[in-house]
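Undergrad: take a look and give me a structure for this.
(2 chains)
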Protein chains: 2
Amino acid sequence: MSLLVVGTIAFDSVETPYDRRDEVLGGSATHFAYAASPFEAVRLVGVVGEDFPDKHLGEFRDREIDCAGVEVAQGKTFRWGGRYEADWNTRHTLFTDLNVLETFDPKVPEQHKDTRFVFLANGTPSVQMRALEQCDKAEFVVADTMNLWIDIAKEDLLAVLQRIDGVVLNDEEARMLTGETNLIRAARATLGLGPRFVILKKGEHGAFLIGDDLHFALPAYPVDEVLDPTGAGDSFAGGFMGYLASVKNTQPHTLRRAMLYGTVTASFCVEGFSVDALAASDRSAIETRYNELASIVTL
Amino acid sequence: MSLLVVGTIAFDSVETPYDRRDEVLGGSATHFAYAASPFEAVRLVGVVGEDFPDKHLGEFRDREIDCAGVEVAQGKTFRWGGRYEADWNTRHTLFTDLNVLETFDPKVPEQHKDTRFVFLANGTPSVQMRALEQCDKAEFVVADTMNLWIDIAKEDLLAVLQRIDGVVLNDEEARMLTGETNLIRAARATLGLGPRFVILKKGEHGAFLIGDDLHFALPAYPVDEVLDPTGAGDSFAGGFMGYLASVKNTQPHTLRRAMLYGTVTASFCVEGFSVDALAASDRSAIETRYNELASIVTL
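TA: Reported below is the predicted structural model:
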């Protein structure tokens, strides 16, 4: 099968209560691609600036992440800076320099238009839609979003929701999108907006999946020490979609297994800055944690 | 088998953002006994004042809750008042009138001293210890506690922890007891204080169980509408211990099933004020939710 992601590629500057990193590789599509690549080759669609080192593109390719859809535009790569509180749940955005992202118009390469599994990583809903429109053969489409788009581009986001199979939201986004405080109600209300299923991520408290006749809940994998939560949601989506694309199946039973793969993949992400810990984890390390998590949740 | 609980019997005055109740039946041992009684007859040890209506004692007995260990002391019944914030996780204690609880010395009736399963519900650690010392035949003992006792009676609490099989803590209590922020680490550190296993309750985010070679995690049962969370932890413990006492088994596999029964029992508790929703739920309603929760967590 084939898996395509469109989203951001960035340089992140991250402060935690214990450490910091400046201008490290980040972005929603980057984290997704690193997370999905142990399962399935990934087709990456995004934009970088002239300052983006060839080294990173080489590292993408080493992981079977196809960069034919990565445009190198005049100007600087998108930059984001954030700071986390000690509870890891509170994040302050310190700056957002859109740079080349400001005029980004996604171009899916001709040879990638046959992709069956598509992930619309966090980014402008109109960009998500333009990418999706180029994937004529898409059979299974999942999107992520963020509070900013619910706030300033809700109409575009609602149009995306009408076109996709599943959406990935965190608790705050689900409440904001639907006006429901109770998360189960918020998830059900989201189903009314179009998607067949909703994945609701609750960080250290795990995630649940709700659809018609489908309800699955899972605690987080117990990580001893979090270094940086940036990209955890994108990594969850990467493990989830990567597994589904690899087994070419989206039946309820398979979606449940994919939730475990997403959870486990995110657990690696938070153990390092940037994509460091994702890059260091291979399929065998993922399987070990999968079995451990399965034993933790098995009745 | 047999199941005994020692703890508080109270009149609670509860304010939520949506409603309030004054002077309704409450207390840690009350909620536990109501929650455990669909599984197993309960022996209740506690104290009430002369103002405690016979009606309530009759209701206890109607549910096979043996009140031989309930002392009627001169004075007024213990009273507690609290207010919840809209997130349900933040609780403010408005008043605590100890009344007859101030001089409570638990007396386990002669005919109850052969009890095998004992729950030390939230109360002064020295009272928990005095009750436990009277249960010569206790084979499986679990205790609850609260931040107040960790603060003002830590030595007594540590002595209790040395004598029991399991302890039930919420996230705040576990962090306070051990000084560990990470909940998994806090649970493991608690094992070092004596108990064979720790149940860590996270309210709407579920609960986990950790022991030597034992790790099980579970989301909460998805409740559509919370009316009053008072007693949810005691009800969890009631379902957990009631099930174990009924099957006369405390093997790891059975502890996992008991976690589900605890979770489901707590879900009824929060759907009403006082013991209203617990009283209205029977074993059949519990089994229905058990099966529903099992299907939600089954891979």
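Undergrad: for the residue nearest to A:Gly262 when sequence neighbours are not counted, grab the count of nearby residues.
TA: Spatially, and ignoring its direct neighbours in sequence, A:Gly262 is nearest to A:Phe240 (3.6 Å; C-beta to C-beta, 6 or more residues apart in numbering or on different chains). Placement of C-beta: from N, CA and C, glycine included. Other residues near A:Phe240 come to 31 when the count uses other C-beta atoms under 10 Å in any protein chain shown.
Undergrad: quick one: A:Phe240 from chain B, how far?
TA: In this structure, A:Phe240 and chain B are separated by 14 Å, where distance is defined by C-beta to the nearest C-beta, to the nearest Å.
Undergrad: how far off centre is the helix or strand hosting that residue?
TA: With secondary structure defined by DSSP states H and E, A:Phe240 is part of helix A:232-247. When C-alpha coordinates are averaged (C-alpha atoms, centre = their mean, to the nearest Å), helix A:232-247 and its chain have centres 8 Å apart.
Undergrad: avg pLDDT for it?
TA: Along helix A:232-247, the predicted confidence averages to a pLDDT of 98.
Undergrad: now do stretch A:103-117
TA: Stretch A:103-117 shows a mean pLDDT of 97.
Undergrad: okay, buried residues for it please.
TA: Residues A:104, A:106-108, A:112, A:115-117 are the ones in stretch A:103-117 that count as buried (16 or more other C-beta atoms under 10 Å in any protein chain shown).
Undergrad: report how many residues lie close to A:Gly203.
TA: Counted by other C-beta under 10 Å, the residues lying close to A:Gly203 total 19.
Undergrad: contacting residues around whichever residue of the stretch 1-150 of chain A sits closest to chain B?
TA: Of all residues in the stretch 1-150 of chain A, A:Ala86 sits closest to chain B, with a separation of 7.5 Å (C-beta to the nearest C-beta). Applying C-beta atoms under 8 Å, 6 or more residues apart in numbering or on different chains, one finds that A:Ala86 lies in contact with A:17, B:181.
Undergrad: can you give me the strands in chain A?
TA: Secondary structure of chain A (DSSP state E): strands located at A:3-6, A:10-15, A:20-26, A:42-48, A:65-72, A:78-84, A:91-97, A:117-120, A:140-144, A:166-170, A:197-201, A:207-211, A:214-218.
Undergrad: what does the stretch 101-250 of chain A put close to chain B?
TA: Of all the residues in the stretch 101-250 of chain A, those in contact range of chain B (C-beta under 8 Å from any C-beta of the partner chain) are A:181-185, A:202, A:204-206, A:208, A:215-219, A:222, A:224-225.
Undergrad: now, those residues that are in helices?
TA: Secondary structure assignment (DSSP state H) places A:183-185 from these within helices.
Undergrad: quick check, nearest of the residues you listed to A:Pro229?
TA: The shortest gap between A:Pro229 and any of these belongs to A:Leu183, at 19.1 Å (C-beta to C-beta).
Undergrad: got a list of what the closest one touches?
TA: With contacts defined as C-beta under 8 Å, 6+ apart, the neighbours of A:Leu183 are A:171, A:174-175, A:200, A:202, A:208, B:204.
Undergrad: what do you get for A:Val100?
TA: For A:Val100, the contacting residues are A:47-49, A:73-78, taking C-beta under 8 Å, 6+ apart as the criterion.
Undergrad: max pairwise distance over these: which two?
TA: The largest distance within the contacts of A:Val100, taken as C-beta to C-beta, falls between A:Gln74 and A:Phe78 and amounts to 13.7 Å.
Undergrad: what about chain A, any weak spots by pLDDT?
TA: Low-confidence segments of chain A, defined by pLDDT under 70: A:1.
Undergrad: buried residues in the top helix by length along it, which are they?
TA: In chain A, ranked by residue count with DSSP H as the criterion, the top helix is helix A:252-269. Residues A:255-269 are the ones in helix A:252-269 that count as buried (16+ other C-beta under 10 Å).
Undergrad: nearest to B:Gly194, of those residues?
TA: Taking these together and measuring to B:Gly194 by C-beta to C-beta, the closest member is A:Ser267, at 30.0 Å.
Undergrad: contacting residues for the nearest residue to the closest one once chain neighbours are set aside?
TA: Closest residue to A:Ser267 in three dimensions, ignoring its sequence neighbours and counting by C-beta to C-beta, 6+ apart: A:Tyr221, at 3.8 Å. A:Tyr221 makes contact with A:263-264, A:266-267, A:289, A:292-293, according to C-beta under 8 Å, 6+ apart.
Undergrad: next, the angle strand A:42-48 makes with the helix holding A:Phe240.
TA: If you take axes from the mean of the first three to the mean of the last three C-alpha atoms, to 10 degrees, helix A:232-247 sits at 140 degrees to strand A:42-48.
Undergrad: who's in contact with stretch A:203-212?
TA: Counting contacts by C-beta under 8 Å, 6+ apart, the residues outside stretch A:203-212 that touch it are A:88-89, A:166, A:170, A:183-184, A:187-188, A:191, A:196-202, A:215-220, A:229, A:232, A:236, A:252, A:255-256, A:259, A:262-263, B:183, B:202, B:205-206, B:217, B:219, B:296.
Undergrad: next, the distance between the ends of it.
TA: Start and end residues of stretch A:203-212 are separated by 24 Å (C-alpha to C-alpha, to the nearest Å).
Undergrad: most centrally placed residue in chain A?
TA: In chain A, the C-alpha nearest the mean C-alpha coordinate belongs to A:Asp234, at 2.3 Å (C-alpha atoms, centre = their mean).
Undergrad: surely that residue and A:Ser28 touch.
TA: Yes: the pair A:Asp234 / A:Ser28 is scored as a contact, 4.8 Å apart, by C-beta atoms under 8 Å.
Undergrad: residues shared between the contacts of these two?
TA: Where contact means C-beta under 8 Å, 6+ apart, the residues bridging A:Asp234 and A:Ser28 through contact with each are A:7, A:121-122, A:144.
Undergrad: cool, thanks, signing off.
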